[in-house]
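K.L.:
got a predicted model here, sequence first, then my questions.
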Amino acid sequence: MRATGAALALAALSILPLTALAQQTPATGSARVNYKILPYVKAQVIPNYQSGFGPSGGLGSGSTPAVGAGATLGGGTVDFGNVVVGYQYLYKYAAQVNVQTNDTSGFIVYAEGATDLEGSNPTPSPSTYALFETLYWLKSVAGNTAFSPATSFSATTTGTPLGVNGANGISYAGSPPASTEVWNSATSGSLSQGYDYELRLSGAMPTSQFNVYIVYTVVGN
């Protein structure tokens, strides 16, 4: 009987450490989580973005400029209508570029022609005319006139026009040339910039209806 009692006592002692562990408070800890938010840049170009858009200038040409039928408020095309060779014109509120980005380094906006000016109706000879030093851009401000300092657009030399005469834009292997920059912003958010256009018609320009696609490209800094 004594041997049996000793065995029972040992059995009871052997479970005490297990009971004590079960009653302890569980340990706690922390985990470090890292994540990155991918930057994005979205852009929209709005022709004729404000009421009062359209051409002015051509003083002494004998013709009062009037917006063409292709232009509508907030859309359509930038249409100078009927203009006279040898004179200068200003087109107010031609295009507005809206950019939305979360990139705190900002963005750069480039703009250039998909082609030179394409003539039609009637087709002139030659059928194209140089865009450079014919169509210019300047930021929209109230005091702009047809003689305000402005920067010439040029036809792309590094990109590939997409669609007929570049109607679907320009494809670049990298960024457009630095010389085509029209806006550089170092901030993120939702930002807008408006542009007026100037048309400077030399006496060598043939009579025709000329068209060109101006392509805006936005790249994050």
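P.N.:
All right, it came through fine. Numbering: from 1, shown residues only.
K.L.:
ok, now which ones touch G169?
P.N.:
By Cβ atoms under 8 Å, 6 or more residues apart in numbering, G169 lies in contact with A114, P161, L162, G163, Y213, V215. Glycine gets a C-beta too; all of them are placed from N, C-alpha and C.
K.L.:
equivalent analysis for N48, please.
P.N.:
Contacts of N48 (Cβ under 8 Å, 6+ apart): G54, A71, T72, L73, G74, G75, G76, V78, Y93, A94.
K.L.:
also V99?
P.N.:
Per Cβ under 8 Å, 6+ apart, neighbours of V99: V41, K42, A43, F107, V109, S185, S190, L191, S192, V218.
K.L.:
let's see that with 7 Å instead.
P.N.:
Taking Cβ atoms under 7 Å, 6 or more residues apart in numbering, we find V99 in contact with V41, A43, F107, L191, V218.
K.L.:
quick check: which element contains it?
P.N.:
Assigned by DSSP states H and E, V99 falls within strand 88-101.
K.L.:
PyMOL command for the buried members of the contacts of G169?
P.N.:
In PyMOL syntax, the buried subset of these is picked out as below (16 or more other Cβ atoms under 10 Å):
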select buried, resi 114+161+213+215
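K.L.:
turn the contacts of G169 into JSON lines, columns for secondary structure.
P.N.:
Below are these laid out as JSON lines (DSSP: H, G, I helix; E, B strand; the rest coil):
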{"residue": "A114", "secondary structure": "coil"}
{"residue": "P161", "secondary structure": "strand"}
{"residue": "L162", "secondary structure": "coil"}
{"residue": "G163", "secondary structure": "coil"}
{"residue": "Y213", "secondary structure": "coil"}
{"residue": "V215", "secondary structure": "strand"}
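K.L.:
ok, so of the contacts of G169, who is nearest L59?
P.N.:
Set against L59, the nearest of these by Cβ to Cβ is Y213 (29.1 Å).
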